[in-house]
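Here you go, sequence then predicted model.
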Amino acid sequence: MTGGLAAALLPVVEKSGAIWVGSSGRVREGAHKDPFAEVEALGTGALAMVDLPSAHYAGYYEGFANSALWPALHSRLDLVRVTQDDYQSYREVNAFMARALLRFRKPEAAFWVQDYHFLALGAELRELGVTEPIGFFLHTPWPTATIMSGVPHHRELIEAMLAYDLIGFQTEDDLDNFLGYVGSELGLDVAGHAIKSSTSTTRCGVFPIGIDVDKFAQQASKAVSHPDVSRLRKSLNGEKLIIGVDRLDYSKGLVNRISAFDQMLTSHPAMLRAVSLLQIATPSRGTIEAYGTLQSELARLVSDVNGRHGEVDWTPIRYLNKGFNQTVLAGLYRTAQVGLVTPMQDGMNLVAKEYVAAQNPGDPGVLVLSKFAGAADELETALQVNPHDVEGMARTLATALAMPLIERRMRWEAMMEKLRIGSIHHWFEDFLATLQSAHAVNDQAEQAIEVAEPPDLWPLRSVLGRDTIRFH
Ligand SMILES: O=P(O)(O)OC[C@H]1O[C@H](O[C@H]2O[C@H](CO)[C@@H](O)[C@H](O)[C@H]2O)[C@H](O)[C@@H](O)[C@@H]1O
Ligand SMILES: O=c1ccn([C@@H]2O[C@H](COP(=O)(O)OP(=O)(O)O)[C@@H](O)[C@H]2O)c(=O)[nH]1
């Protein structure tokens, strides 16, 4: 699985005993009548992979989720392509997932819904009579009210979100934009970070997602002996390396990034043969037109840059359209003197955090980071750039490559401190503790809840009695 959501959640599921119910990526005819899931133990927790109804999968995933919500959430209304049927499928799959989740319901356990694919899932669970705490976390940005109002059915969808006890965002800007929408478009009272509707109160908050920084650092120091990593090191012949790792997505600013590298080589001829770029662009959502178009545009651009600056024995850009596991990525990050992360918009961007965690403390590399990534709020000592300003990025790249060790270490140490404070385990515990207290407000009858301890979401093996189970 590629993507920050999976990378972040798998380790917390493993450690916390939670069960993560998600799409198996497979479809099944008639699934809407009879949800099918395969459950697999993962550490002390479990993964339940549900087959989605075949009639609605495309309209839901490629349609409303990734051709309406994703572009809008990343402020790209120009890329929104959606039909009424797509919206129906989105709602059907949200309702279907609510029914599937009921199979995993357990008294006093909380439900925590992840991401824009399931904005209405909380409302569907309430319809089915669920009274337990239900929280929601958005991994992407939340744009301005004007942009959000360009999404068909935005009002009914966002009203449905008010069924959640707690809604979490990555940054203060996302939270402010959401509360701004609720005030201006829904006309609801917002007191502090709480939204009061006729039936309940929804609390909102900021919970920046993190990584397991020490685990990642250890992985990186071991990974340098991995064959892929040592082959890369050998092939560099003393050249410096800049690395980019992204899903192939228009939100990641890949075209501007390659153009900035091109510009830097043009304006600093001394860099020719002295530095190269390794860009991993892992295929993602390939059946959607905007992604196919981007893939062709990038292939042309990389080939143009390599054609102009390359030599018989030197290639400026190593461009790879494939996925790597995180052990290899950790070793590749550690090999590179510069981590180049330039999204036009990004909820958080875990690659930025992983690059920092993977560095050699005695000789750390430099992170060049877009100010439009959520991670920029915490990683203030990265070299921050505006991805719309290609020339500015080219200049910053040259600065990063020439930065003295003392400055690199000061910047890196400050970033590591931030990463340790905001680890993935802190994110998980903080959200669940806040969810319990938010729910207590909505549930007058409920007894005082211990907020310091995250709830026991599902000690799965004690219920199932074995590691893997299928059910209809
Ligand atoms: O499952 P895909 O359609 O292939 O997409 C992968 C994931 O991409 C998005 O990730 C977001 O979550 C990260 C962790 O919080 C965050 O750092 C990043 O900025 C976001 O873009 C998407 O939101 C996930 O749902 C997808 O699984
Ligand atoms: O080939 C790849 C490319 C990326 N990733 C992981 O995918 C995540 C990407 O998360 P990020 O937040 O940067 O962006 P997203 O793809 O979620 O938008 C990171 O944990 C990467 O280590 C991976 O495992 N293999």
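Arrived safely. Ligands and ions are numbered 1, 2, ... in the order given.

only C-alpha atoms for contact and neighbour calcs from this point on.
Fine.

mind checking pLDDT for the closest residue to residue 362 other than its chain neighbours?
In this structure, residue 362 finds its nearest non-sequential neighbour in residue 409, 7.7 Å apart by CA to CA, 6 or more residues apart in numbering. pLDDT for residue 409: 98.

same check, this time on the one 3 residues further on
On the pLDDT scale, residue 412 is placed at 98.

and residue 298, how far is that from ligand 1?
For residue 298, the distance to ligand 1 equals 19 Å [CA to the nearest ligand atom, to the nearest Å].

tell me the contacts of that residue?
Applying CA atoms under 8 Å, 6 or more residues apart in numbering, we find residue 298 in contact with 254-255.

what's the helix or strand for it?
Residue 298 is part of helix 289-309, with elements assigned from DSSP states H and E.

Say whether ligand 2 is contacted by that helix.
No. Using CA under 6 Å from any ligand atom, helix 289-309 stays clear of ligand 2, coming no nearer than 13.6 Å.

For that helix, buried residues please.
290-292, 294-295, 298, 301-302, 305-306, 309 (16 or more other CA atoms under 10 Å).

swap in stretch 42-59?
Under 16+ other CA under 10 Å, the buried positions of stretch 42-59 are 42-53, 55-59.

What of stretch 418-431?
Those would be 419-420, 422-431, for stretch 418-431 by 16+ other CA under 10 Å.

what comes into contact with it?
Taking CA under 8 Å, 6+ apart as the rule, stretch 418-431 contacts 8, 12, 168, 207-213, 353, 357, 378-379, 453-454.

tell me the average confidence for that stretch?
Rounded mean pLDDT across stretch 418-431 is 97.

so who does the residue nearest to residue 362 touch?
361-364.

among the residues you listed, who's most crowded?
residue 364 (26 neighbours; other CA atoms under 10 Å).

who's in contact with that one?
Per CA under 8 Å, 6+ apart, neighbours of residue 364: 337, 405, 408-409, 412.

switch the cut-off to 10 Å
By CA atoms under 10 Å, 6 or more residues apart in numbering, the contact list for residue 364 reads 334-338, 355-358, 405-413.

Give me the buried entries from these.
334-338, 355-358, 408-409, 411-412.

now, which of those residues sits nearest residue 119?
residue 355 (31.0 Å; CA to CA).

wait, the closest one sits on residue 375?
No. If you go by CA atoms under 10 Å, residue 355 and residue 375 don't touch, sitting 11.9 Å apart.

just to revisit the earlier point, filter the contacts of stretch 418-431 down to the ones in helices?
8, 12, 213, 353, 357 (DSSP state H).

Show me the one in those residues that has more neighbours than the rest.
The ones in helices among the contacts of stretch 418-431, ranked by neighbours (other CA under 10 Å): first place residue 357, 29 neighbours.

So that one is in contact with residue 213, correct?
Yes. Under the criterion of CA under 10 Å, residue 357 makes contact with residue 213 at 5.6 Å.

Which neighbours do the two have in common?
Joint contacts of residue 357 and residue 213 (CA under 10 Å, 6+ apart) are 219, 416, 419-420.

can you redo the residues you listed as TSV with secondary structure and distance to residue 71?
Below are these laid out as TSV (DSSP: H, G, I helix; E, B strand; the rest coil; distance: CA to CA, whole Å):
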residue	secondary structure	distance to residue 71
219	helix	34
416	helix	32
419	helix	28
420	helix	32
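
Let me see the contact set for residue 166.
112, 133-137, 194, 201-205, 431-432, 434-439.

And the buried ones among those, selectable in ChimeraX?
Listed next is the ChimeraX selection for buried residues among the contacts of residue 166, using 16+ other CA under 10 Å:
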select :112,133,134,135,136,137,194,201,202,203,204,205,431,432,434,435,436,437,438,439
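
surely residue 10 meets residue 44?
No. Using CA under 10 Å, residue 10 is not in contact with residue 44, being 11.3 Å away.

interface residues of the stretch 101-250 of the chain facing ligand 2?
So far as CA under 6 Å from any ligand atom goes, the stretch 101-250 of the chain lies against ligand 2 at 245-247.

any idea which of the residues you listed is closest to ligand 1?
Distance to ligand 1 across those (CA to the nearest ligand atom) is lowest for residue 247, with 7.5 Å.

Distance-wise, check that closest one relative to residue 341.
12 Å (CA to CA, to the nearest Å).

Can you pull out the low-pLDDT segments for the protein?
1-2, 444-472 (pLDDT under 70).

Excluding chain neighbours, what is closest to the residue in the stretch 1-150 of the chain positioned nearest to ligand 2?
Across the stretch 1-150 of the chain, the shortest distance to ligand 2 (CA to the nearest ligand atom) belongs to residue 4, at 3.1 Å. Of all residues not flanking residue 4 in the chain, residue 350 sits nearest, at 6.1 Å (CA to CA, 6+ apart).

hang on, that neighbour packs against residue 6?
No. Between residue 350 and residue 6 there is no contact under CA under 10 Å: 11.0 Å.

And the two? Which one has more around it.
Ranked by neighbour count (other CA under 10 Å), residue 350 and residue 6 place residue 350 first, with 22 against 10.

From ligand 2, how far out is that one?
4 Å.

Could you pull up the contacting residues of that residue?
Taking CA under 10 Å, 6+ apart as the test, what residue 350 contacts is 3-5, 7-8, 209-211, 246, 341, 373-375.

mind listing what residue 134 touches?
109-113, 121-123, 125-126, 163-167, 432, 435-436, 438-439.

Narrow the residues you listed to those in helices?
Using DSSP H, these in helices are 121-123, 125-126, 432, 435-436, 438-439.

out of those, which one sits closest to ligand 1?
residue 121 (14.6 Å).

Please tell me how far the closest one sits from residue 74.
21 Å.

So for the two, which residue has more residues nearby?
For residue 121 versus residue 74, the count of surrounding residues by other CA under 10 Å is larger for residue 121: 27 against 19.

Got phi/psi on the closest residue in space to that one that isn't next to it in sequence?
Among residues not flanking residue 121 along the chain, residue 94 sits closest, at 5.1 Å (CA to CA, 6+ apart). The phi/psi pair for residue 94 (degrees, to the nearest 10) reads phi -60, psi -40.

How many residues are close by the nearest residue to residue 138 once chain neighbours are set aside?
With sequence-adjacent residues excluded and distances taken as CA to CA, 6+ apart, residue 138 is closest to residue 115, at 4.5 Å. Look at residue 115: counted by other CA under 10 Å, it has 16 neighbours.

got it, and the one 4 residues further on?
Residues lying near residue 119 (other CA under 10 Å) number 27.
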